[in-house]
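Colleague: take this sequence and fold it.
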Amino acid sequence: MIDFDALGIFPIGSIVVICFLVGMVIKSTGAIDNLIPAICGTSGGVLGLAWYLCGWPGIVAQEPVTATAIGIVSGLAATGIDQLGKQLGKYKS
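Modeller: Down below sits the predicted model:
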């Protein structure tokens, strides 16, 4: 059995990974590229709130608003990770 408390950042990291995958799926369709950050932020907020409401340990929020905010920031971090990879790829020598 996995001890979620021992992992510490598992909930936030999992939200980032799930939102990154959601963004990649949307990007592969090519239909609404300009909405990817908004969709990742929204899906992160929903996941953060779901994590809180399910009572799973490890989320650092004590109330639903904070859990949603943590989820939104985690979702937006997924788009930042994608852009970081693109920007660093530009400067290969």
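
Colleague: just checking, residue 26 touches residue 37?
Modeller: No - look at residue 26 against residue 37 with Cβ atoms under 8 Å: they stay out of range, at 10.4 Å. Yep, even glycine has a C-beta here, placed from its N, CA and C like the rest.

Colleague: return the set of buried residues in the longest helix seen in the chain.
Modeller: When the chain is parsed with DSSP state H, its longest helix is helix 64-90. Neighbour counts over helix 64-90 (16 or more other Cβ atoms under 10 Å) mark 67-79, 82 as buried.

Colleague: could you dump those residues to a markdown table with pLDDT?
Modeller: Formatted as a markdown table, the buried residues of helix 64-90 follow (pLDDT from 0 to 100):
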| residue | pLDDT |
| --- | --- |
| 67 | 86 |
| 68 | 90 |
| 69 | 91 |
| 70 | 88 |
| 71 | 90 |
| 72 | 93 |
| 73 | 92 |
| 74 | 90 |
| 75 | 92 |
| 76 | 90 |
| 77 | 90 |
| 78 | 87 |
| 79 | 85 |
| 82 | 75 |
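
Colleague: same list (those residues) but as TSV, adding distance to residue 15.
Modeller: Listed next are the buried residues of helix 64-90 as TSV, based on distance: Cβ to Cβ, whole Å:
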residue	distance to residue 15
67	10
68	11
69	12
70	8
71	6
72	9
73	9
74	4
75	7
76	11
77	9
78	8
79	13
82	15
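
Colleague: of those, which is the nearest to residue 21?
Modeller: Lowest distance from residue 21 to the buried residues of helix 64-90 (Cβ to Cβ) belongs to residue 78, with 8.3 Å.

Colleague: ok, that closest one touching residue 40?
Modeller: Yes - checked against Cβ under 8 Å, the pair residue 78 and residue 40 is within contact range at 5.1 Å.

Colleague: find residues that contact each of those two.
Modeller: Common neighbours of residue 78 and residue 40, using Cβ atoms under 8 Å, 6 or more residues apart in numbering, are 19-20, 22-23.

Colleague: of the buried residues of helix 64-90, which is the nearest to residue 47?
Modeller: When these are compared against residue 47 (criterion: Cβ to Cβ), the nearest one is residue 71, at 5.2 Å.

Colleague: I am finished for the moment; much appreciated.
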